[in-house]
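Enquirer: Curious how this folds, go ahead:
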Amino acid sequence: MTEAERSITTPETPDEAAEPAGTGTAAAAAGTHRRRIAVLIGVAVLAYLLDLLTKLWVVHSLEHHDPINVFGHYLRFDAVRNAGAAFGLGQGMTIVFTVIAVGVIAVIVRLSRRLYSLPWAVALGLLLGGAFGNLTDRVFRAPGSFQGRVVDFIEPEHFAVFNLADSAICCGGVLIVLLSFRGVDPDGTKHQD
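Expert: Reported below is the predicted structural model:
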């Protein structure tokens with residue numbers, strides 16, 4: 001394996017830089033990879049659980065009740081069932097968005113095989129948690145399997161109603177765009193254009 005191939009598949013990390021040449025670089029890279037996967041899974045689980053718990057609260061406490069004003073008329077919580085995508089786009093295309101969510105999850109799993117970058121782990125974790133959050137609604141909520149409506153409840157003035165899964169997806173997407181502009185790849189390498 002050439003030096004260029006080695007730098008792409010196992011980038012130098014601070015742990016590797018401290019080791020004497022030729023000792024433990026593969027083990028250090030594997031350890032870094034495992035830690036990044038743990039971060040990805042941890043962020044995904046946290047995003048998913050926060051989304052799930054807030055949706056349970058919304059269904060129990062807000063559905064069929066008056067909205068709660070959080071910051072006067074600027075922000076309120078109001079239970080809305082959304083058959084479309086994030087922010088109410090694409091109403092009536094639930095099955096399409098279900099397939100897209102499954103595709104996103106598959107891509108994240110594939111990318112995770114070469115994940116050495118902490119910011120990418122956080123970004124992909126946010127996307128994964130958000131995708132699972134909305135996918136859970138689409139699969140298990142009324143009116144039925146793979147046609148369920150997503151529970152949205154955060155309603156800023158003059159903006160669409162959304163939930164924490166939508167927020168996680170958007171934050172993860174913005175982070176990925178920023179990382180791409182900075183030239184940081186999921187494997188931790190930086191490329192120059």
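Enquirer: buried stuff in stretch 114-134?
Expert: Neighbour counts over stretch 114-134 (16 or more other C-beta atoms under 10 Å) mark 114-117, 119-134 as buried. Quick note: C-beta positions are derived from backbone N, CA and C, even for glycine.
Enquirer: Tell me how far it lies from the chain's centre.
Expert: Averaging C-alpha positions (C-alpha atoms, centre = their mean, to the nearest Å) puts stretch 114-134 5 Å from its chain's average.
Enquirer: average model confidence for that stretch?
Expert: For stretch 114-134, mean pLDDT rounds to 95.
Enquirer: Export only the CA atoms of it, formatted as PDB.
Expert: Provided in PDB are the C-alpha atoms of stretch 114-134 (Å, rounded to 0.1, in the frame of the first residue of the first chain):
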ATOM      1  CA  ARG A 114     -14.700   5.000   6.700                       C
ATOM      2  CA  LEU A 115     -15.600   7.500   9.400                       C
ATOM      3  CA  TYR A 116     -12.600   9.100  11.300                       C
ATOM      4  CA  SER A 117     -13.800  12.700  11.600                       C
ATOM      5  CA  LEU A 118     -15.500  13.800  14.800                       C
ATOM      6  CA  PRO A 119     -17.600  16.600  13.200                       C
ATOM      7  CA  TRP A 120     -18.800  14.200  10.500                       C
ATOM      8  CA  ALA A 121     -19.800  11.700  13.200                       C
ATOM      9  CA  VAL A 122     -21.900  14.400  14.900                       C
ATOM     10  CA  ALA A 123     -23.400  15.500  11.600                       C
ATOM     11  CA  LEU A 124     -24.300  12.000  10.500                       C
ATOM     12  CA  GLY A 125     -25.600  11.200  13.900                       C
ATOM     13  CA  LEU A 126     -28.000  14.100  13.700                       C
ATOM     14  CA  LEU A 127     -29.200  13.000  10.300                       C
ATOM     15  CA  LEU A 128     -29.600   9.400  11.400                       C
ATOM     16  CA  GLY A 129     -31.500  10.300  14.600                       C
ATOM     17  CA  GLY A 130     -33.800  12.700  12.700                       C
ATOM     18  CA  ALA A 131     -34.400  10.200   9.900                       C
ATOM     19  CA  PHE A 132     -35.300   7.500  12.400                       C
ATOM     20  CA  GLY A 133     -37.500   9.800  14.300                       C
ATOM     21  CA  ASN A 134     -39.700  10.800  11.400                       C
END
